[in-house]
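J.: Structure for this input, please:
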Amino acid sequence: MKCALVTGGSRGIGKAICKQLAQDSDYHILINYNSNETAALETKKDIEALGNTAEIIQFNVANAEQVKTALNTWQEQNKEALIEVLVNNAGITKDGLFMWMPAEDWHDVVNTSLHGFYNVTNHLIQKMLRNRYGRIINVASVSGVKGTAGQTNYSAAKGALVAATKALAQEVAKRKITVNAVAPGFIKSDMTANLDEKELKSMIPVNRFGEPEEVAYAVSFLASKKASYITGEVLNINGGIYS
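T.: Down below sits the predicted model:
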């Protein structure tokens with residue numbers, strides 16, 4: 001059984017990615033979630049309605065022990081299964097001006113976006129290397145490419161993720177493992193629900209927020225065999241706000 005694991009896959013961009021992979025591939029979809037089991041089960045139901053298979057897997061990407069235990073337990077229960085595609089999507093924001101930013105807000109955001117990438121990818125990459133095939137797609141952000149005021153913590157975490165993508169891509173390319181990132185701009189989701197779309201869309205050349213599906217299409221392509229000559233790349237999906 002060949003599988004695709006999407007971290008933070010229960011809502012928003014993660015959910016759209018799970019559904020798109022289910023539509024475009026034969027992968028059994030592993031929907032990772034941290035706390036919202038109801039949303040994860042809804043995503044599973046959506047995937048099954050598309051005629052594919054899925055299961056939910058709970059762990060906090062920032063917690064190395066949890067990641068290890070959950071993935072090892074899953075692997076023991078599914079001895080023949082192989083995770084070929086990993087989408088590191090889990091991330092949180094705790095916005096605020098840097099001069100007033102509590103240490104906790106800095107560490108929480110970096111732990112989820114950056115250390116979460118390490119915890120999950122490092123655990124799975126040995127098997128990909130042995131199998132000589134893999135697709136790793138990291139969900140970065142326009143903030144990590146151009147920086148966003150009020151998001152120094154998030155920009156730092158996602159900027160580091162972009163650099164890690166480029167470095168890791170060079171290490172594993174010979175084993176037919178590609179490592180790419182997508183950098184979404186303003187996308188309609190829980191994360192942007194509190195933003196004033198009317199005010200902000202004037203900054204965006206295409207004059208609207210993006211849909212989660214518009215990120216998912218690109219991730220699904222990068223996860224496919226068609227993208228085998230693309231690695232170390234960062235694809236901006238932002239309506240032209242930064243190019």
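J.: Now do the contacts for V172.
T.: Residues near V172 by C-beta atoms under 8 Å, 6 or more residues apart in numbering: 125, 128-129, 134, 179. Using the backbone N, CA and C atoms, a C-beta is placed for each residue, glycine as well.
J.: Off-centre distance for the lengthiest helix in the chain?
T.: What stands out as the longest helix in the chain, according to DSSP state H, is helix 152-172. Relative to its parent chain, helix 152-172 has a centroid offset of 12 Å by C-alpha atoms, centre = their mean, to the nearest Å.
J.: Report the buried residues of that helix.
T.: For helix 152-172, the neighbour count (16 or more other C-beta atoms under 10 Å) marks 152-162, 164-165, 168-169, 172 as buried.
J.: one step back: among the contacts of V172, pick out the one closest to C18, please.
T.: G134 (18.2 Å; C-beta to C-beta).
J.: burial measure for that closest one, as a count.
T.: A count of nearby residues for G134, using other C-beta atoms under 10 Å, gives 22.
J.: Excluding covalently adjacent residues, which one is nearest to it?
T.: M128 (3.3 Å; C-beta to C-beta, 6 or more residues apart in numbering).
J.: Narrow the contacts of V172 to those in strands?
T.: Members of the contacts of V172 lying in strands (criterion: DSSP state E): 134, 179.
J.: Which two among the contacts of V172 are spaced furthest apart?
T.: L129 and V179, at 12.2 Å, using C-beta to C-beta across the contacts of V172.
J.: out of those two, which sits in the busier spot?
T.: Comparing L129 with V179 by other C-beta under 10 Å, the one with more neighbours is V179, at 27 against 16.
J.: Now do the contacts for the most centrally placed residue in the chain.
T.: The residue lying closest to the centre of the chain (C-alpha atoms, centre = their mean) is N89, at 1.7 Å. The contact partners of N89, taken as C-beta under 8 Å, 6+ apart, are 6-9, 13-14, 17, 139.
J.: cool, E233 as well?
T.: Shown in contact with E233 (C-beta under 8 Å, 6+ apart): 169, 180-181.
J.: can you redo these as CSV with pLDDT and distance to K45?
T.: Shown next, in CSV, are the contacts of E233 (pLDDT from 0 to 100; distance: C-beta to C-beta, whole Å):
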residue, pLDDT, distance to K45
A169, 98, 35
N180, 98, 29
A181, 98, 29
